[in-house]
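Undergrad: With the input below, show me the fold.
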Amino acid sequence: MMTLRPASDRGHANHGRLDSHHTFSFADYYDAKHMGFRGLRVINEDRVAPGQGFGKHPHRDMEILSYVLAGGLEHSDSMGNGGVIRPGDVQRMSAGTGVTHSEWNASKLEPVHFLQIWIVPKRRGDAPGYEQKAFSSDERAGRLRLIASEDARDGSVRVHADASVYAGTFGAGESAEHMVAKGRHAWVHVARGRVQVNGTDLGSGDAVGLSDESVVRVEGVEAGEVILFDLA
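TA: So this is what the prediction gives:
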């Protein structure tokens, strides 16, 4: 079974400094039919104006991934971590018992475009943690590269959740398949471009949830980039 989530149906908030599209209910956007998918709770596509960002604010008991599409995102947190996240980088912040952080556009001239992803952890009350890794464009070209997993296999960042997250870029005609174990589910989010997922055309910001499907096939139509979530 495939459930489409068109980009045009997402929640949208434009605050001037921040233009954000919400795949699932978030902040002032609420839709009882779209509260998440399995353990995937948030996918926000954010564009932050030059020199702007999110001041210090708290989180707890959530696995938070940041995936930058263009520009640079400057991070600072109460654990003492700091730095700039750029395209190809994956940042994982485990909020656990509580963490405060800020995120700012690292440029005074260009916007930053990124995905903010929240996944529900298996346990509440774990210690907070942080990790950042870079995945080259070659690693993601024409294939689905594992970027986050519960066991940190294949050099992925570790998430404290029963989830595996893959990223891939696909030119026209390039394709890859992901096998889904019985009883598991998949969510595919198109970060940009155009692809087909199991024969269905999807464009930038579109997504699809898949249940009772043994294979997820992604094929490029035009230059496209996808994030695939394998979930319990």
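
Undergrad: For stretch 157-174, buried residues please.
TA: 157-170, 174 (16 or more other CB atoms under 10 Å). (C-beta placed from N, C-alpha, C; glycine too.)

Undergrad: Kindly apply the preceding question to stretch 70-88 instead.
TA: 71, 72, 73, 74, 75, 77, 81, 84, 85, 87, 88.

Undergrad: Dump those residues to TSV, plus distance to residue 128 and pLDDT.
TA: As requested, those are exported to TSV (distance: CB to CB, whole Å; pLDDT from 0 to 100):
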residue	distance to residue 128	pLDDT
71	26	98
72	24	98
73	19	97
74	19	96
75	14	94
77	8	91
81	10	93
84	21	96
85	18	96
87	26	97
88	25	94
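
Undergrad: Out of the residues you listed, which comes closest to residue 207?
TA: residue 87 (20.3 Å; CB to CB).

Undergrad: List the beta-bridge partners for the residue nearest the centre of the chain.
TA: Among the residues of the chain, residue 117 comes closest to the average C-alpha position under CA atoms, centre = their mean, at 4.3 Å. Note on residue 117: beta-bridge partners by DSSP bridges are residue 43, residue 65.

Undergrad: Test my guess that it contacts residue 68.
TA: No - taking CB atoms under 8 Å as the definition, residue 117 is not a contact partner of residue 68, at 11.9 Å.

Undergrad: re earlier: so can I have CSV of the buried residues of stretch 70-88 showing secondary structure and distance to residue 2?
TA: Shown next, in CSV, are the buried residues of stretch 70-88 (DSSP: H, G, I helix; E, B strand; the rest coil; distance: CB to CB, whole Å):
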residue, secondary structure, distance to residue 2
71, coil, 32
72, coil, 35
73, strand, 32
74, strand, 38
75, strand, 35
77, strand, 37
81, coil, 38
84, strand, 37
85, strand, 32
87, coil, 29
88, coil, 29
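
Undergrad: Columns distance to residue 11 on top of those residues, output as a markdown table?
TA: Converted to a markdown table, the buried residues of stretch 70-88 look like this (distance: CB to CB, whole Å):
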| residue | distance to residue 11 |
| --- | --- |
| 71 | 23 |
| 72 | 26 |
| 73 | 21 |
| 74 | 26 |
| 75 | 24 |
| 77 | 26 |
| 81 | 29 |
| 84 | 28 |
| 85 | 24 |
| 87 | 25 |
| 88 | 28 |
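
Undergrad: Closest to residue 129 out of these?
TA: residue 81 (9.5 Å).
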